[in-house]
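Q: Next comes the sequence, and after it the predicted model I'd like to discuss.
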Amino acid sequence: MRQASVFGVAFAMLMALPAALRAAPVEDVFRDFDMFGTWAVDCAAPASGSNPHVVDVMQSPGVVTESHDLGPDFAGNRYSVVSAERMSREQMAIEVIFQPGAENEQRQKLILLIRKNTRRTMFNQPEGGEVRVKDGIAVGRGLRTAVLRKCE
C-alpha cells in the first residue's frame, strides 16, 4: 500500500511539471522520425524556389537547426528548433525560431507529416500571427505544400 502511495505522489509530481520539462529532447524526436539530413522535391536538381533543399542537423547536443536553400535568387531561411513532440506515428509538432538572432526573428509553430521518406508541412503559424498553412494548404495562395523527399 505504501509503495503505491509513493508511486502515486511521484506520478502526480511528474504530471505537474510543465510539458517542456517532460517532453523528449528535440534531437530524440528528430531521430525517431529520421529527420536529420537533406530533403528536397527533387534531390538531383539544384535548389530553387520550387525545389527547396532543406537540411536538418544537430549542431551540438540539444541544438537542432534547419536551413532552407532556395537557390541563388532567394535568401536562405534558418530555423532553430525549440521543441519537438510526436503527435502520432506520422505527425510531429515543432516550435521554431525563424532567423534566430536576426532583427526579423520570429517564433513559429508547425506540424509536419512524415511518412515513407517524405515530409510535408501541414500547419504553420507565427506567434501572434495568422495561420499560414492549414491542412497542408498555403492559406494565402490556396496551393498544397510541397512533398519533400529524403535525399541519400
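A: Received it, and whenever you're ready, just let me know what you need. Everything quoted here is computed from the prediction, not taken from an experiment.
Q: Residues touching stretch 38-48, excluding its own?
A: The contact list for stretch 38-48, computed with Cβ atoms under 8 Å, 6 or more residues apart in numbering, reads 50-56, 69-71, 73, 119, 146-152. C-beta: built from backbone N, CA, C; applies to glycine.
Q: ends of it, how far apart?
A: 14 Å (Cα to Cα, to the nearest Å).
Q: in that stretch, what counts as buried?
A: The neighbour-count check on stretch 38-48 (16 or more other Cβ atoms under 10 Å) flags 38-41, 47-48 as buried.
Q: quick check, nearest of these to Val139?
A: Nearest to Val139, judged by Cβ to Cβ, of the buried residues of stretch 38-48 is Val41 at 20.6 Å.
Q: what are the ranges of the strands in this protein?
A: 37-40, 53-60, 63-69, 77-86, 91-98, 106-115, 118-126, 133-134, 137-138, 143-144, 148-150 (DSSP state E).
Q: need those in TSV with distance to Val29 and mean pLDDT, can you?
A: Shown next, in TSV, are the strands of the chain (distance: least, Cβ to Cβ, whole Å; pLDDT from 0 to 100):
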stretch	distance to Val29	mean pLDDT
strand 37-40	15	98
strand 53-60	11	95
strand 63-69	9	96
strand 77-86	4	96
strand 91-98	6	98
strand 106-115	11	98
strand 118-126	13	98
strand 133-134	20	98
strand 137-138	25	96
strand 143-144	25	96
strand 148-150	16	98
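Q: Brilliant, that's me finished.
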